[in-house]
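1. below are the sequence and a predicted model; questions follow.
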Amino acid sequence: MRRTIPLVIALLLTGCTLFSPKKATVQQLENVAKDWCLTMRASQVLCVYPLSEDVQVGDVYLVNTSIANQVKQYTQNGFLPFDMLLTRVQPVNYRAMYSNAYATQDQWGNIPHQWQFPANAPTNNWAAAPHAAFPSYTFAVQQGQSLKLAVPVQAVPIGLSLLNTTQAHGAIEIDDASTYGIDQLSVDQQVEAWAACPATRALLARYAPDAGNTHYVRVITRVYLTGKVNVSVTSDAQRGGGLDAGVTSAAQLPAASSPGDVATGYSNLVTTLNNSINGGTTVAKPGGSIRIAAVSSRSVSLNETFDRPIVIGYIAYDRAIGPGGALGQARSTLQQMEGTIDPAPQPSQNDVTQSVPFGPDANSMVIRTFAKDAANRTSLQNWLNAQSITITIPLIINGQDQAQLRQRIVDEFNLGGPCGTAGN
Amino acid sequence: MAQQVTDIPSSEVGTVVQDFVDNGAEKVFVEKQPDGKFTVSVP
(Lines give C-alpha, C1' and ligand atoms only; values in the text may rest on other atoms or scores of the structure.)
Protein backbone atom coordinates (compact mmCIF):
# COMPACT_ATOMS: atom_id res chain seq x y z
CA MET A 1 0.00 0.00 0.00
CA ARG A 2 2.85 2.34 0.85
CA ARG A 3 4.20 1.99 -2.63
CA THR A 4 0.94 3.08 -4.19
CA ILE A 5 1.10 6.47 -2.52
CA PRO A 6 3.87 7.79 -4.78
CA LEU A 7 1.86 6.50 -7.73
CA VAL A 8 -1.23 8.48 -6.74
CA ILE A 9 0.92 11.57 -6.22
CA ALA A 10 2.45 11.00 -9.63
CA LEU A 11 -0.98 10.70 -11.20
CA LEU A 12 -2.17 13.91 -9.62
CA LEU A 13 0.91 15.71 -10.85
CA THR A 14 0.49 14.10 -14.25
CA GLY A 15 -3.03 15.41 -14.50
CA CYS A 16 -1.94 18.89 -13.51
CA THR A 17 0.90 19.06 -15.98
CA LEU A 18 -0.58 17.13 -18.86
CA PHE A 19 -1.63 20.11 -20.90
CA SER A 20 1.11 22.48 -19.91
CA PRO A 21 4.14 20.49 -20.98
CA LYS A 22 7.53 21.92 -21.58
CA LYS A 23 8.48 22.92 -25.08
CA ALA A 24 10.45 19.76 -25.69
CA THR A 25 7.43 17.59 -24.98
CA VAL A 26 5.23 19.71 -27.26
CA GLN A 27 7.70 19.27 -30.07
CA GLN A 28 7.67 15.53 -29.61
CA LEU A 29 3.91 15.36 -29.70
CA GLU A 30 3.83 17.49 -32.83
CA ASN A 31 5.86 14.85 -34.54
CA VAL A 32 3.34 12.20 -33.58
CA ALA A 33 0.65 14.31 -35.24
CA LYS A 34 2.58 14.44 -38.49
CA ASP A 35 3.11 10.69 -38.37
CA TRP A 36 -0.64 10.34 -37.94
CA CYS A 37 -1.25 12.38 -41.07
CA LEU A 38 1.44 10.52 -42.97
CA THR A 39 -0.45 7.32 -42.23
CA MET A 40 -3.52 8.88 -43.80
CA ARG A 41 -1.47 9.93 -46.81
CA ALA A 42 0.00 6.46 -47.19
CA SER A 43 -3.58 5.24 -47.48
CA GLN A 44 -4.29 7.81 -50.23
CA VAL A 45 -6.41 9.85 -47.87
CA LEU A 46 -6.08 13.49 -46.84
CA CYS A 47 -5.79 14.03 -43.10
CA VAL A 48 -8.43 15.95 -41.15
CA TYR A 49 -7.07 18.24 -38.49
CA PRO A 50 -8.47 18.99 -36.03
CA LEU A 51 -10.43 15.76 -35.84
CA SER A 52 -14.10 16.56 -36.25
CA GLU A 53 -17.41 14.82 -36.59
CA ASP A 54 -18.76 17.70 -38.64
CA VAL A 55 -17.09 17.05 -41.98
CA GLN A 56 -19.40 15.51 -44.56
CA VAL A 57 -19.47 14.33 -48.13
CA GLY A 58 -20.76 17.26 -50.18
CA ASP A 59 -19.07 19.93 -48.10
CA VAL A 60 -17.74 22.72 -50.31
CA TYR A 61 -14.89 24.77 -48.86
CA LEU A 62 -13.23 27.92 -50.09
CA VAL A 63 -9.46 27.57 -50.48
CA ASN A 64 -7.84 30.98 -50.55
CA THR A 65 -4.20 30.06 -50.92
CA SER A 66 -2.36 28.95 -54.03
CA ILE A 67 -1.79 25.29 -54.75
CA ALA A 68 1.96 25.88 -54.38
CA ASN A 69 1.48 27.24 -50.85
CA GLN A 70 -0.86 24.40 -50.02
CA VAL A 71 1.68 21.85 -51.21
CA LYS A 72 4.25 23.52 -48.97
CA GLN A 73 1.88 23.47 -46.01
CA TYR A 74 0.83 19.91 -46.76
CA THR A 75 4.45 18.77 -46.91
CA GLN A 76 5.37 20.53 -43.69
CA ASN A 77 2.33 19.77 -41.58
CA GLY A 78 0.82 16.72 -43.20
CA PHE A 79 -2.67 18.21 -43.47
CA LEU A 80 -4.57 21.01 -45.20
CA PRO A 81 -6.52 23.41 -43.00
CA PHE A 82 -10.16 23.90 -43.87
CA ASP A 83 -10.73 27.55 -44.59
CA MET A 84 -14.35 28.55 -45.07
CA LEU A 85 -17.33 26.27 -45.57
CA LEU A 86 -19.29 27.72 -48.47
CA THR A 87 -22.13 25.25 -48.58
CA ARG A 88 -23.12 21.69 -47.72
CA VAL A 89 -24.58 19.86 -50.70
CA GLN A 90 -26.64 16.77 -49.90
CA PRO A 91 -25.68 14.30 -52.66
CA VAL A 92 -28.67 13.01 -54.63
CA ASN A 93 -27.05 9.89 -56.01
CA TYR A 94 -26.71 7.83 -52.83
CA ARG A 95 -29.47 5.50 -53.97
CA ALA A 96 -27.51 4.48 -57.05
CA MET A 97 -24.37 4.34 -54.95
CA TYR A 98 -25.56 2.05 -52.18
CA SER A 99 -28.96 0.73 -53.31
CA ASN A 100 -30.52 -0.45 -50.06
CA ALA A 101 -27.33 -1.66 -48.40
CA TYR A 102 -25.62 -0.28 -45.30
CA ALA A 103 -28.85 0.82 -43.65
CA THR A 104 -29.50 3.43 -46.32
CA GLN A 105 -32.93 2.31 -47.50
CA ASP A 106 -35.25 5.31 -47.73
CA GLN A 107 -32.54 7.36 -46.01
CA TRP A 108 -30.75 8.61 -49.12
CA GLY A 109 -31.53 12.22 -48.32
CA ASN A 110 -30.49 11.78 -44.71
CA ILE A 111 -27.03 10.24 -45.04
CA PRO A 112 -24.97 10.24 -42.80
CA HIS A 113 -27.39 11.27 -40.06
CA GLN A 114 -29.18 7.92 -40.04
CA TRP A 115 -25.86 6.46 -38.87
CA GLN A 116 -25.15 9.29 -36.43
CA PHE A 117 -28.59 9.54 -34.85
CA PRO A 118 -30.64 6.46 -35.76
CA ALA A 119 -34.30 6.69 -34.90
CA ASN A 120 -35.38 4.90 -31.73
CA ALA A 121 -31.83 3.88 -30.84
CA PRO A 122 -29.77 5.14 -27.93
CA THR A 123 -26.44 4.85 -29.73
CA ASN A 124 -25.10 5.53 -33.18
CA ASN A 125 -25.33 2.99 -35.99
CA TRP A 126 -21.99 3.54 -37.70
CA ALA A 127 -21.37 -0.20 -37.49
CA ALA A 128 -23.83 -0.52 -40.37
CA ALA A 129 -21.85 1.85 -42.60
CA PRO A 130 -19.24 0.56 -45.07
CA HIS A 131 -16.19 -0.54 -43.15
CA ALA A 132 -12.65 0.64 -43.72
CA ALA A 133 -9.26 -0.37 -42.37
CA PHE A 134 -6.01 1.47 -41.89
CA PRO A 135 -2.57 0.09 -41.16
CA SER A 136 -1.32 0.71 -37.65
CA TYR A 137 1.76 2.84 -37.44
CA THR A 138 4.62 3.18 -35.05
CA PHE A 139 6.11 6.41 -33.82
CA ALA A 140 9.15 7.50 -31.91
CA VAL A 141 9.14 10.54 -29.66
CA GLN A 142 12.43 12.38 -29.32
CA GLN A 143 13.68 15.80 -28.51
CA GLY A 144 14.52 18.33 -31.19
CA GLN A 145 11.80 17.51 -33.74
CA SER A 146 9.35 20.31 -34.28
CA LEU A 147 6.13 20.85 -36.18
CA LYS A 148 3.53 23.46 -35.47
CA LEU A 149 0.81 21.01 -34.58
CA ALA A 150 -0.81 19.50 -31.60
CA VAL A 151 -1.40 15.80 -31.33
CA PRO A 152 -4.85 14.71 -32.49
CA VAL A 153 -5.16 11.73 -30.17
CA GLN A 154 -5.36 12.54 -26.48
CA ALA A 155 -4.22 9.07 -25.48
CA VAL A 156 -0.68 9.77 -26.69
CA PRO A 157 0.20 12.65 -24.36
CA ILE A 158 -1.59 10.90 -21.52
CA GLY A 159 0.49 7.79 -22.13
CA LEU A 160 3.69 9.82 -22.29
CA SER A 161 2.86 11.64 -19.10
CA LEU A 162 2.02 8.45 -17.27
CA LEU A 163 5.39 7.06 -18.26
CA ASN A 164 7.11 10.27 -17.26
CA THR A 165 9.29 10.26 -20.34
CA THR A 166 10.41 12.42 -23.21
CA GLN A 167 11.84 9.51 -25.15
CA ALA A 168 9.53 6.73 -26.17
CA HIS A 169 8.23 4.67 -29.03
CA GLY A 170 4.75 3.40 -29.59
CA ALA A 171 2.02 2.40 -31.97
CA ILE A 172 -1.35 3.83 -32.93
CA GLU A 173 -4.05 1.60 -34.33
CA ILE A 174 -7.12 3.14 -35.97
CA ASP A 175 -10.00 0.88 -35.01
CA ASP A 176 -13.71 0.74 -35.85
CA ALA A 177 -13.11 2.63 -39.10
CA SER A 178 -15.90 3.29 -41.57
CA THR A 179 -16.35 5.28 -44.76
CA TYR A 180 -18.93 6.57 -47.18
CA GLY A 181 -18.72 8.60 -50.35
CA ILE A 182 -20.34 9.67 -53.59
CA ASP A 183 -19.32 9.61 -57.25
CA GLN A 184 -17.67 12.77 -58.46
CA LEU A 185 -19.84 13.02 -61.58
CA SER A 186 -23.13 13.40 -59.76
CA VAL A 187 -21.91 15.60 -56.93
CA ASP A 188 -20.10 17.84 -59.38
CA GLN A 189 -23.35 18.36 -61.26
CA GLN A 190 -24.86 19.52 -57.99
CA VAL A 191 -21.92 21.80 -57.33
CA GLU A 192 -22.28 23.17 -60.84
CA ALA A 193 -25.97 23.85 -60.23
CA TRP A 194 -25.17 25.55 -56.91
CA ALA A 195 -22.43 27.64 -58.52
CA ALA A 196 -24.80 28.76 -61.29
CA CYS A 197 -27.22 30.38 -58.81
CA PRO A 198 -26.98 34.17 -59.00
CA ALA A 199 -26.24 34.62 -55.29
CA THR A 200 -23.53 31.97 -55.39
CA ARG A 201 -22.06 33.38 -58.57
CA ALA A 202 -21.88 36.81 -56.95
CA LEU A 203 -20.14 35.32 -53.91
CA LEU A 204 -17.65 33.35 -55.97
CA ALA A 205 -16.98 36.37 -58.19
CA ARG A 206 -15.39 38.05 -55.16
CA TYR A 207 -12.75 35.32 -55.26
CA ALA A 208 -11.91 35.74 -58.92
CA PRO A 209 -8.16 35.70 -59.69
CA ASP A 210 -6.50 38.70 -58.13
CA ALA A 211 -2.92 39.76 -58.87
CA GLY A 212 -1.99 36.23 -59.80
CA ASN A 213 -3.67 34.64 -56.78
CA THR A 214 -6.11 31.90 -57.62
CA HIS A 215 -8.80 30.72 -55.24
CA TYR A 216 -10.47 27.33 -55.31
CA VAL A 217 -13.51 25.46 -54.14
CA ARG A 218 -12.78 22.10 -52.53
CA VAL A 219 -15.50 19.46 -52.65
CA ILE A 220 -15.44 16.49 -50.26
CA THR A 221 -16.44 13.26 -52.04
CA ARG A 222 -15.54 10.66 -49.39
CA VAL A 223 -14.79 10.68 -45.68
CA TYR A 224 -13.25 8.14 -43.33
CA LEU A 225 -14.24 7.88 -39.69
CA THR A 226 -13.00 6.06 -36.65
CA GLY A 227 -14.77 5.18 -33.44
CA LYS A 228 -11.76 4.00 -31.52
CA VAL A 229 -8.02 4.51 -31.41
CA ASN A 230 -5.69 2.14 -29.60
CA VAL A 231 -2.39 3.58 -28.44
CA SER A 232 0.56 1.84 -26.86
CA VAL A 233 3.58 3.76 -25.61
CA THR A 234 6.86 2.29 -24.38
CA SER A 235 9.45 4.41 -22.66
CA ASP A 236 12.99 4.45 -24.05
CA ALA A 237 14.34 6.94 -21.51
CA GLN A 238 16.29 6.55 -18.35
CA ARG A 239 14.28 7.27 -15.24
CA GLY A 240 14.65 10.51 -13.31
CA GLY A 241 15.73 12.73 -16.22
CA GLY A 242 15.44 16.47 -15.95
CA LEU A 243 13.14 16.91 -18.92
CA ASP A 244 10.13 15.12 -17.56
CA ALA A 245 7.83 18.10 -17.27
CA GLY A 246 7.62 18.11 -13.52
CA VAL A 247 6.40 14.58 -13.08
CA THR A 248 8.15 13.06 -10.12
CA SER A 249 7.52 9.41 -10.71
CA ALA A 250 6.29 7.06 -13.36
CA ALA A 251 3.56 4.49 -13.05
CA GLN A 252 4.79 1.53 -11.02
CA LEU A 253 3.35 -1.83 -10.28
CA PRO A 254 2.60 -2.23 -6.58
CA ALA A 255 4.61 -4.77 -4.67
CA ALA A 256 2.92 -8.13 -4.20
CA SER A 257 3.46 -10.48 -1.34
CA SER A 258 1.97 -13.49 -3.13
CA PRO A 259 1.19 -14.53 -6.72
CA GLY A 260 -2.51 -14.05 -6.12
CA ASP A 261 -1.89 -10.50 -5.03
CA VAL A 262 -0.18 -9.70 -8.31
CA ALA A 263 -3.36 -9.99 -10.34
CA THR A 264 -5.37 -8.13 -7.74
CA GLY A 265 -2.77 -5.45 -7.40
CA TYR A 266 -2.50 -5.05 -11.15
CA SER A 267 -6.26 -4.80 -11.53
CA ASN A 268 -6.38 -2.20 -8.77
CA LEU A 269 -3.61 -0.24 -10.42
CA VAL A 270 -5.40 -0.13 -13.77
CA THR A 271 -8.62 0.85 -12.05
CA THR A 272 -6.85 3.59 -10.13
CA LEU A 273 -5.26 4.92 -13.29
CA ASN A 274 -8.56 4.88 -15.17
CA ASN A 275 -10.34 6.60 -12.32
CA SER A 276 -7.62 9.20 -12.24
CA ILE A 277 -7.80 9.89 -15.97
CA ASN A 278 -11.55 9.89 -16.40
CA GLY A 279 -12.56 11.21 -13.01
CA GLY A 280 -10.21 14.15 -12.77
CA THR A 281 -11.28 17.63 -13.61
CA THR A 282 -7.95 18.81 -14.94
CA VAL A 283 -7.77 16.46 -17.93
CA ALA A 284 -9.77 17.57 -20.95
CA LYS A 285 -10.78 14.77 -23.29
CA PRO A 286 -12.95 16.37 -25.97
CA GLY A 287 -15.22 13.94 -27.73
CA GLY A 288 -13.88 10.71 -26.34
CA SER A 289 -13.19 8.60 -23.31
CA ILE A 290 -9.87 6.98 -22.56
CA ARG A 291 -9.37 3.67 -20.84
CA ILE A 292 -6.09 2.11 -19.87
CA ALA A 293 -5.95 -1.43 -21.17
CA ALA A 294 -2.56 -2.43 -19.76
CA VAL A 295 0.26 -0.79 -17.88
CA SER A 296 3.74 -1.56 -16.62
CA SER A 297 6.64 0.50 -15.39
CA ARG A 298 7.89 1.05 -18.95
CA SER A 299 4.78 0.84 -21.14
CA VAL A 300 1.13 1.72 -21.19
CA SER A 301 -1.69 0.80 -23.58
CA LEU A 302 -4.75 3.00 -23.87
CA ASN A 303 -8.00 2.76 -25.79
CA GLU A 304 -9.60 6.05 -26.78
CA THR A 305 -13.24 5.63 -27.71
CA PHE A 306 -15.30 8.42 -29.25
CA ASP A 307 -18.94 8.92 -28.34
CA ARG A 308 -19.72 9.04 -32.02
CA PRO A 309 -17.13 8.29 -34.70
CA ILE A 310 -15.17 11.27 -35.93
CA VAL A 311 -13.81 12.04 -39.36
CA ILE A 312 -10.09 11.42 -39.68
CA GLY A 313 -9.59 11.63 -43.44
CA TYR A 314 -11.23 12.56 -46.69
CA ILE A 315 -10.98 12.54 -50.47
CA ALA A 316 -11.75 15.71 -52.37
CA TYR A 317 -11.33 17.57 -55.62
CA ASP A 318 -10.69 21.23 -56.38
CA ARG A 319 -12.01 23.65 -58.99
CA ALA A 320 -10.42 27.02 -59.62
CA ILE A 321 -12.64 30.08 -59.34
CA GLY A 322 -12.43 32.17 -62.49
CA PRO A 323 -13.59 35.64 -63.49
CA GLY A 324 -17.24 36.18 -62.73
CA GLY A 325 -17.28 33.22 -60.36
CA ALA A 326 -17.17 30.55 -63.06
CA LEU A 327 -15.53 27.28 -62.05
CA GLY A 328 -12.76 25.51 -63.93
CA GLN A 329 -12.18 21.82 -64.47
CA ALA A 330 -11.93 19.53 -61.45
CA ARG A 331 -8.63 18.11 -60.22
CA SER A 332 -7.99 15.62 -57.41
CA THR A 333 -6.82 17.42 -54.28
CA LEU A 334 -4.51 14.60 -53.21
CA GLN A 335 -2.90 14.30 -56.63
CA GLN A 336 -2.26 18.03 -56.68
CA MET A 337 -0.67 17.88 -53.24
CA GLU A 338 1.47 14.91 -54.28
CA GLY A 339 2.52 16.79 -57.43
CA THR A 340 1.32 14.12 -59.81
CA ILE A 341 -1.00 16.49 -61.69
CA ASP A 342 -0.95 20.20 -62.42
CA PRO A 343 -3.01 22.57 -60.27
CA ALA A 344 -6.70 22.88 -61.10
CA PRO A 345 -6.87 25.17 -64.15
CA GLN A 346 -8.76 28.38 -64.57
CA PRO A 347 -12.09 28.00 -66.37
CA SER A 348 -11.77 27.96 -70.15
CA GLN A 349 -14.18 29.59 -72.53
CA ASN A 350 -16.04 26.29 -72.76
CA ASP A 351 -16.44 26.26 -68.96
CA VAL A 352 -17.88 29.77 -69.04
CA THR A 353 -20.08 29.10 -72.04
CA GLN A 354 -22.31 26.10 -72.49
CA SER A 355 -21.51 25.20 -76.08
CA VAL A 356 -22.72 22.24 -78.09
CA PRO A 357 -22.29 21.33 -81.74
CA PHE A 358 -25.53 21.01 -83.66
CA GLY A 359 -26.64 17.38 -83.95
CA PRO A 360 -30.31 16.67 -83.37
CA ASP A 361 -31.96 13.29 -83.78
CA ALA A 362 -35.48 11.92 -83.92
CA ASN A 363 -36.02 12.61 -80.21
CA SER A 364 -35.28 16.31 -80.73
CA MET A 365 -38.51 16.95 -82.55
CA VAL A 366 -40.48 14.92 -79.99
CA ILE A 367 -39.06 16.95 -77.08
CA ARG A 368 -39.44 20.25 -78.97
CA THR A 369 -43.13 19.55 -79.54
CA PHE A 370 -43.58 18.52 -75.91
CA ALA A 371 -41.78 21.63 -74.58
CA LYS A 372 -43.86 24.03 -76.70
CA ASP A 373 -46.49 23.74 -74.00
CA ALA A 374 -45.51 25.96 -71.05
CA ALA A 375 -46.66 23.47 -68.41
CA ASN A 376 -44.70 20.69 -70.06
CA ARG A 377 -41.63 22.88 -70.26
CA THR A 378 -41.95 23.66 -66.56
CA SER A 379 -42.26 19.96 -65.78
CA LEU A 380 -39.20 19.20 -67.87
CA GLN A 381 -37.19 21.98 -66.23
CA ASN A 382 -38.20 20.79 -62.77
CA TRP A 383 -37.07 17.29 -63.63
CA LEU A 384 -33.74 18.61 -64.94
CA ASN A 385 -33.29 20.57 -61.72
CA ALA A 386 -34.03 17.49 -59.65
CA GLN A 387 -31.36 15.62 -61.58
CA SER A 388 -28.93 18.54 -61.10
CA ILE A 389 -28.64 18.85 -64.89
CA THR A 390 -27.71 22.43 -65.68
CA ILE A 391 -27.64 22.31 -69.47
CA THR A 392 -30.56 24.22 -70.94
CA ILE A 393 -33.46 22.82 -72.93
CA PRO A 394 -32.48 24.37 -76.32
CA LEU A 395 -29.03 22.82 -75.99
CA ILE A 396 -30.52 19.48 -75.01
CA ILE A 397 -32.81 19.53 -78.05
CA ASN A 398 -30.10 20.53 -80.53
CA GLY A 399 -26.83 19.27 -79.07
CA GLN A 400 -24.94 16.50 -80.79
CA ASP A 401 -23.67 15.19 -77.44
CA GLN A 402 -27.10 15.19 -75.78
CA ALA A 403 -28.55 12.13 -77.49
CA GLN A 404 -28.46 10.02 -74.35
CA LEU A 405 -30.12 12.70 -72.27
CA ARG A 406 -32.81 13.18 -74.91
CA GLN A 407 -33.54 9.47 -74.78
CA ARG A 408 -33.79 9.63 -70.98
CA ILE A 409 -36.29 12.49 -71.29
CA VAL A 410 -38.39 10.68 -73.88
CA ASP A 411 -38.51 7.63 -71.64
CA GLU A 412 -39.03 9.56 -68.41
CA PHE A 413 -41.95 11.58 -69.77
CA ASN A 414 -43.28 8.71 -71.85
CA LEU A 415 -43.18 10.82 -75.00
CA GLY A 416 -43.15 7.93 -77.47
CA GLY A 417 -42.12 8.83 -81.01
CA PRO A 418 -39.86 6.68 -83.19
CA CYS A 419 -37.33 6.15 -80.37
CA GLY A 420 -39.73 5.90 -77.45
CA THR A 421 -39.27 2.72 -75.41
CA ALA A 422 -41.90 3.30 -72.77
CA GLY A 423 -44.76 3.10 -75.22
CA ASN A 424 -47.23 5.88 -75.82
CA MET B 1 -23.74 31.33 -68.23
CA ALA B 2 -23.76 31.95 -71.96
CA GLN B 3 -25.11 29.23 -74.21
CA GLN B 4 -24.46 28.49 -77.83
CA VAL B 5 -25.10 25.93 -80.52
CA THR B 6 -22.43 25.76 -83.20
CA ASP B 7 -22.16 24.20 -86.66
CA ILE B 8 -25.81 24.80 -87.59
CA PRO B 9 -26.75 24.41 -91.27
CA SER B 10 -28.43 27.51 -92.67
CA SER B 11 -31.70 25.63 -93.09
CA GLU B 12 -31.89 24.92 -89.34
CA VAL B 13 -30.92 28.33 -87.95
CA GLY B 14 -34.50 29.56 -87.59
CA THR B 15 -35.55 26.46 -85.67
CA VAL B 16 -32.69 26.79 -83.21
CA VAL B 17 -33.40 30.49 -82.71
CA GLN B 18 -37.03 29.62 -81.98
CA ASP B 19 -35.93 27.05 -79.40
CA PHE B 20 -34.05 29.75 -77.50
CA VAL B 21 -36.95 32.17 -77.77
CA ASP B 22 -39.37 29.52 -76.51
CA ASN B 23 -37.04 29.04 -73.57
CA GLY B 24 -37.34 32.71 -72.61
CA ALA B 25 -34.28 34.23 -74.29
CA GLU B 26 -34.62 37.99 -74.79
CA LYS B 27 -31.66 38.33 -77.12
CA VAL B 28 -30.43 35.75 -79.59
CA PHE B 29 -27.27 36.24 -81.62
CA VAL B 30 -26.66 34.55 -84.94
CA GLU B 31 -23.15 34.45 -86.32
CA LYS B 32 -21.91 32.95 -89.56
CA GLN B 33 -18.90 30.71 -89.17
CA PRO B 34 -15.97 30.65 -91.65
CA ASP B 35 -17.13 27.26 -92.92
CA GLY B 36 -20.53 28.68 -93.88
CA LYS B 37 -22.43 27.15 -90.96
CA PHE B 38 -23.91 29.24 -88.16
CA THR B 39 -23.60 29.70 -84.43
CA VAL B 40 -26.66 30.71 -82.43
CA SER B 41 -25.99 32.03 -78.93
CA VAL B 42 -27.60 33.81 -76.02
CA PRO B 43 -25.60 35.82 -73.46
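-> Right, received. Where do you want to start?

2. spatially nearest residue to A:Val71 (excluding sequence neighbours)?
-> Distance criterion C-beta to C-beta, 6 or more residues apart in numbering or on different chains; nearest residue to A:Val71, sequence neighbours excluded, is A:Met337 at 5.7 Å. Just so you know, the C-beta spots here come from the backbone N, C-alpha and C atoms, and that holds for glycine as well.

3. could you measure that neighbour against A:Cys37, distance?
-> Distance, A:Met337 to A:Cys37, using C-beta to C-beta, to the nearest Å: 11 Å.

4. more neighbours: which of these two?
-> A direct count of neighbours by other C-beta atoms under 10 Å in any protein chain shown for A:Met337 and A:Cys37 places A:Cys37 higher, at 24 against 19.

5. interface residues of the stretch 251-400 of chain A facing chain B?
-> A:326, A:352-360, A:368, A:371-372, A:377, A:390, A:392-395, A:397-399 (C-beta under 8 Å from any C-beta of the partner chain).

6. just the ones of the residues you listed in helices?
-> If you go by DSSP state H, these have A:352, A:368, A:371-372, A:377, A:393-395, A:397-398 in helices.

7. mind putting these in a markdown table, pLDDT and neighbour count included?
-> Below are those laid out as a markdown table (pLDDT from 0 to 100; neighbours: other C-beta atoms under 10 Å in any protein chain shown):
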| residue | pLDDT | neighbour count |
| --- | --- | --- |
| A:Val352 | 72 | 17 |
| A:Arg368 | 95 | 18 |
| A:Ala371 | 94 | 23 |
| A:Lys372 | 93 | 12 |
| A:Arg377 | 94 | 16 |
| A:Ile393 | 94 | 20 |
| A:Pro394 | 95 | 28 |
| A:Leu395 | 94 | 21 |
| A:Ile397 | 96 | 27 |
| A:Asn398 | 96 | 25 |
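
8. I'd like these written out as JSON lines, with distance to A:Thr104 added.
-> Below are those laid out as JSON lines (distance: C-beta to C-beta, whole Å):
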{"residue": "A:Val352", "distance to A:Thr104": "37"}
{"residue": "A:Arg368", "distance to A:Thr104": "39"}
{"residue": "A:Ala371", "distance to A:Thr104": "35"}
{"residue": "A:Lys372", "distance to A:Thr104": "40"}
{"residue": "A:Arg377", "distance to A:Thr104": "34"}
{"residue": "A:Ile393", "distance to A:Thr104": "33"}
{"residue": "A:Pro394", "distance to A:Thr104": "37"}
{"residue": "A:Leu395", "distance to A:Thr104": "34"}
{"residue": "A:Ile397", "distance to A:Thr104": "36"}
{"residue": "A:Asn398", "distance to A:Thr104": "38"}
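
9. of these, just say which sits nearest to A:Ile290.
-> Nearest to A:Ile290, judged by C-beta to C-beta, of those is A:Val352 at 52.9 Å.

10. and the closest one, how far from A:Tyr94?
-> A:Val352 is 31 Å from A:Tyr94, where distance means C-beta to C-beta.

11. one step back: by contact count, what packs against the helix or strand containing the residue nearest to A:Val71?
-> In this structure, A:Met337 is located in helix A:333-338 according to DSSP states H and E. Taking 3 or more C-beta pairs under 8 Å, 6 or more residues apart in numbering or on different chains; DSSP states H and E as contact, the helices and strands that helix A:333-338 lies on are strand A:46-52, helix A:67-77, strand A:299-321.

12. looking at the ones you listed, which is buried most?
-> strand A:299-321 (a mean of 22; mean count of other C-beta atoms under 10 Å in any protein chain shown).

13. for it, what is the average pLDDT?
-> Across strand A:299-321, pLDDT averages out at 90.

14. likewise for stretch A:109-119?
-> 91.

15. pull out the buried residues from that stretch.
-> Applying a neighbour-count criterion of 16 or more other C-beta atoms under 10 Å in any protein chain shown, one finds A:111-112, A:114-116, A:118 buried in stretch A:109-119.

16. before we move on, what about stretch A:403-417?
-> A:403, A:405-411, A:413, A:415.

17. closest to A:Ala103 among those?
-> A:Arg408 (29.6 Å).

18. list the contacts of that closest one.
-> By C-beta atoms under 8 Å, 6 or more residues apart in numbering or on different chains, the contact list for A:Arg408 is empty.

19. so for whichever strand or helix holds A:Thr271, what's the average pLDDT?
-> According to DSSP H and E, A:Thr271 maps onto helix A:259-279. Mean pLDDT, helix A:259-279: 68.

20. kindly report the same for stretch A:123-137.
-> pLDDT averaged over stretch A:123-137 gives 89.

21. pLDDT weak spots in chain B?
-> For chain B, the stretches with pLDDT under 70 are B:1.

22. what ranges does chain B have for its strands?
-> Taking DSSP state E as the criterion, chain B contains strands spanning B:2-8, B:29-32, B:38-42.
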